[in-house]
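Trainee: A structural model of the following input is requested.
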Amino acid sequence: MEKATWRPAGDRAALVRLAGGGGAETARALAGLADRLRRTATPGLLEAVPGRETVTVYYDPLTLPWARLEEVLAAAVAGAEGDRGGGAGAVVEIPVLYGGEAGPDLEETAALVGLSPAEYARRHAACEYTVLFLGFAPGFAYLGPLPEPLRVPRLPRPRLAVPPGSVAVAADHTAVYPGGTPGGWRLIGRTPLAVYDPAREPRALLRAGDRVRFRPVERAEYERILAEQRPAERDEAGEGGRPVLLVRRGGFQTTVQDLGRWGYQAEGVPASGAVDPLSLVLANRLVGNEPGAAALEVTVMGLELEALDDVAVALAGADLGARRDGRPVPPGVSFVLRAGERLSFAGGPRGCRAYLAVAGGVAVPPVLGSRSTDLLGRLGGVAGRPLRTGDLLAAGEASAPPGELAGRRLRPGALPDYPPEATVRALLGPQEDWFSREAIARFFSHAYRVTTLSDRTGLRLEGPEVAPCPGRELPSEGTAPGSVQVPGGGQPIVLLAGCQTHGGYPKIATVITADLPQLGQARPGYTRLRFQAATLAEAHLALAEQARFLADPGLVV
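Mentor: Numbers count the residues shown, from 1 in each chain. Here you go, the predicted model:
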């Protein structure tokens, strides 16, 4: 195995880098190292995710201190020396119907490189590709290298939704889309195989290090294989719990969230979860739930619910003007929502998200161990989407009758404030050497406005430019909530819990985990953010202090 180095990538991740150029051998070495790390079963090691030239290792510093993690990394690297990633990977054959409706871009793509559509398809199928890594969406595998004569740029305008199974090319990669996601790659064909199914084992058709061959098929064989596919049907609304809430209006964007879906980013599945996990835990404490029970993440305004039965509920996070049959309901207090009563959100002056916890937790089917809604992969929650009019929500088994859970309050001062200008602490890097000293100084000394283009995936900021030094391109690597990516234009993007698993923009800094709740409450078009430099030790201390705060038995009175 190539010589490995590692460094912190924020306060909950390490970036392990191999020298080797990101080719097939490197991909297999990275896949082998990631597998070896997973097999250690080290407490606190959450997952290991291969990228183009790196493995991103996510960990819980309260269980696995940085010094101990370094020992684990050193042992894994030493144990993997010479195995070149554990072999050449499996060979996977993928049938493809090229051109026509299945490949609407084939004709134009072939013309760009001076080939006929038939010849382009023949050459595409004649190659063997290596799965370099999975990212962007569940099961989306970056395959390469695409031969030089077949390389074309991305589409000038991405599609809003790509059909499932679409075989695509862009630059030196080819891939198969899982379907439903936006996409800017050129579609040259389609396979009848499902590249990802959370109800199947293995879930992903491809894994890092595998070798892939495409086999051209005619329409009749394509239809036959497609008919043989039997995807498992999943319940969209509940799992047999007691229906307690009817959605009258879904609001701006209301989703079911818990503390996230860890362990599947190597398959391209984001962790997702609440963008303000602190408020989710506080709301759950008020109604006697486990800290990570599923709740509703209410964004800005517009949600209206009707109770179908008496149920204890509580709000934490931003005060979004909640009204119970017209009467104001403040955050930080549990109460019984009686059958027939309505709870609505008109919006408030500060913050962006409220968390509505229901006694027993929101009972939607768990997907890969979590009930969180992943909007990019369309997994979890209610059919992987925001709530809409007519949805029914069930609750699990409550810890006590509704009346006994009502009237519980958070102690004074427990609810955070969400000022119009917030300061969050951040660790430098992991790509600080891509930026000039002047750019780094500007980043830490000026305020940035959160623009209206922000959402659950990230906050797009507007302020002084901090563009990376020109002439370099970062190979895609694992990302995490709090990562501050900087595209070529120099305006930072701070990733949130709904972000993709990988990104190719250099990261000037990473917001510490303890301050992620402030990011989740930053209101687009209103909040201004300042960044304050912190150390790894300070970040871990702040996280430990937050954990002690949440575990305090006197938090709820």
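
Trainee: show me where the stretch 51-200 of the chain has strands.
Mentor: 54-59, 91-98, 128-134, 141-144, 166-170, 173-176, 186-190 (DSSP state E, counting those that start in this stretch).

Trainee: buried residues, the fourth one. List them.
Mentor: Residues of strand 141-144 classed as buried by neighbour count (16 or more other C-beta atoms under 10 Å): Ala141, Tyr142, Leu143, Gly144. C-betas here are computed from N, CA, C, even on glycine.

Trainee: so what's the last one bridging to?
Mentor: Just to be clear, that refers to Gly144. Per DSSP bridges, residues listed as beta-bridge partners of Gly144: Thr130.

Trainee: how far away is it from Gly478?
Mentor: Using C-beta to C-beta, to the nearest Å, Gly144 is found at 18 Å from Gly478.

Trainee: closest to Thr40 out of the strands of the stretch 51-200 of the chain?
Mentor: Closest approach to Thr40 among the strands of the stretch 51-200 of the chain (C-beta to C-beta): strand 54-59, 10.7 Å.

Trainee: Provide the strand pairings for the closest one, with the direction of each partner.
Mentor: Taking DSSP bridges, the sheet neighbours of strand 54-59 turn out to be strand 13-18 (antiparallel), strand 45-50 (antiparallel).

Trainee: between the last one and strand 128-134, how big is the angle?
Mentor: Right, strand 45-50. Following axes from the mean of the first three to the mean of the last three C-alpha atoms, to 10 degrees, one obtains 140 degrees for the angle between strand 45-50 and strand 128-134.

Trainee: quick one: strand 45-50 to chain centroid distance?
Mentor: 14 Å (C-alpha atoms, centre = their mean, to the nearest Å).

Trainee: not counting sequence-adjacent ones, nearest residue to Ala439?
Mentor: Val466 (4.2 Å; C-beta to C-beta, 6 or more residues apart in numbering).

Trainee: returning to what we had before: which of the buried residues of strand 141-144 lies closest to Arg242?
Mentor: Closest approach to Arg242 among the buried residues of strand 141-144 (C-beta to C-beta): Ala141, at 41.1 Å.

Trainee: surely the closest one touches Thr174?
Mentor: No: taking contact to mean C-beta atoms under 8 Å, the distance of 9.5 Å between Ala141 and Thr174 leaves them out of contact.

Trainee: buried set for stretch 428-439?
Mentor: Per 16+ other C-beta under 10 Å, stretch 428-439 contains these buried residues: Leu428, Gly429, Pro430, Gln431, Glu432, Trp434, Phe435, Ala439.

Trainee: do you know how far Pro402 is from Ser116?
Mentor: In this structure, Pro402 lies at 70 Å from Ser116, with C-beta to C-beta as the measure.

Trainee: which one of the two has more residues nearby?
Mentor: The neighbour count for Pro402 versus Ser116, taken as other C-beta atoms under 10 Å, is higher for Pro402 (20 against 12).

Trainee: wouldn't the more buried one be in contact with Asp310 here?
Mentor: Yes: proximity of Pro402 to Asp310 meets the contact threshold set by C-beta under 8 Å, at 5.0 Å.

Trainee: quick one: common contacting residues for the two?
Mentor: Residues touching both Pro402 and Asp310 by C-beta atoms under 8 Å, 6 or more residues apart in numbering: Val336.

Trainee: chain neighbours aside, what residue packs nearest to Ala137?
Mentor: Excluding its sequence neighbours, the residue lying closest to Ala137 (C-beta to C-beta, 6+ apart) is Thr181, at 4.7 Å.

Trainee: likewise Glu290?
Mentor: The shortest distance from Glu290 to any residue that is not its chain neighbour, by C-beta to C-beta, 6+ apart, is 6.7 Å, and that residue is Asn284.

Trainee: C-alpha coordinates for the helix or strand harbouring that neighbour, CSV please?
Mentor: With elements delineated by DSSP states H and E, Asn284 resides in helix 277-286, which encompasses its position. Listed in CSV are the C-alpha atoms of helix 277-286, where the atom choice follows Å, rounded to 0.1, in the frame of the first residue of the first chain:
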residue,chain,number,x,y,z
PRO,A,277,-29.5,18.2,16.9
LEU,A,278,-29.4,20.1,20.2
SER,A,279,-33.0,21.2,19.8
LEU,A,280,-34.1,17.8,18.7
VAL,A,281,-32.7,16.3,21.9
LEU,A,282,-34.2,19.0,24.1
ALA,A,283,-37.7,18.5,22.6
ASN,A,284,-37.4,14.7,23.1
ARG,A,285,-36.4,15.2,26.8
LEU,A,286,-39.5,17.2,27.4
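
Trainee: re the thing from before, closest to Gln485 out of the buried residues of strand 141-144?
Mentor: Tyr142 (18.3 Å).

Trainee: for Leu320, see how far away the residue nearest to the closest one when sequence neighbours are not counted is.
Mentor: Nearest residue to Tyr142, sequence neighbours excluded (C-beta to C-beta, 6+ apart): Leu132, at 4.7 Å. Computed with C-beta to C-beta, the distance linking Leu132 and Leu320 is 43 Å.

Trainee: can you count the residues close to the residue nearest to Ala439?
Mentor: Neighbours of Val466 under the rule other C-beta under 10 Å: 24.

Trainee: number of nearby residues for Gly114?
Mentor: The tally of other residues near Gly114 (other C-beta under 10 Å) stands at 9.

Trainee: now it: how far from Val167?
Mentor: For Gly114, the distance to Val167 - C-beta to C-beta - is 21 Å.

Trainee: now do the strands in the stretch 301-450 of the chain.
Mentor: Across the stretch 301-450 of the chain, reading from the start of the chain, the strands by DSSP E, counting those that start in this stretch fall at 303-307, 311-317, 322-324, 327-328, 334-337, 342-345, 353-358, 392-395, 421-428, 448-450.

Trainee: dump these to JSON lines, plus distance to Gly520 and mean pLDDT.
Mentor: Below are these laid out as JSON lines (distance: least, C-beta to C-beta, whole Å; pLDDT from 0 to 100):
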{"stretch": "strand 303-307", "distance to Gly520": "17", "mean pLDDT": "98"}
{"stretch": "strand 311-317", "distance to Gly520": "8", "mean pLDDT": "98"}
{"stretch": "strand 322-324", "distance to Gly520": "18", "mean pLDDT": "97"}
{"stretch": "strand 327-328", "distance to Gly520": "23", "mean pLDDT": "95"}
{"stretch": "strand 334-337", "distance to Gly520": "22", "mean pLDDT": "97"}
{"stretch": "strand 342-345", "distance to Gly520": "16", "mean pLDDT": "98"}
{"stretch": "strand 353-358", "distance to Gly520": "6", "mean pLDDT": "98"}
{"stretch": "strand 392-395", "distance to Gly520": "22", "mean pLDDT": "97"}
{"stretch": "strand 421-428", "distance to Gly520": "11", "mean pLDDT": "97"}
{"stretch": "strand 448-450", "distance to Gly520": "11", "mean pLDDT": "98"}
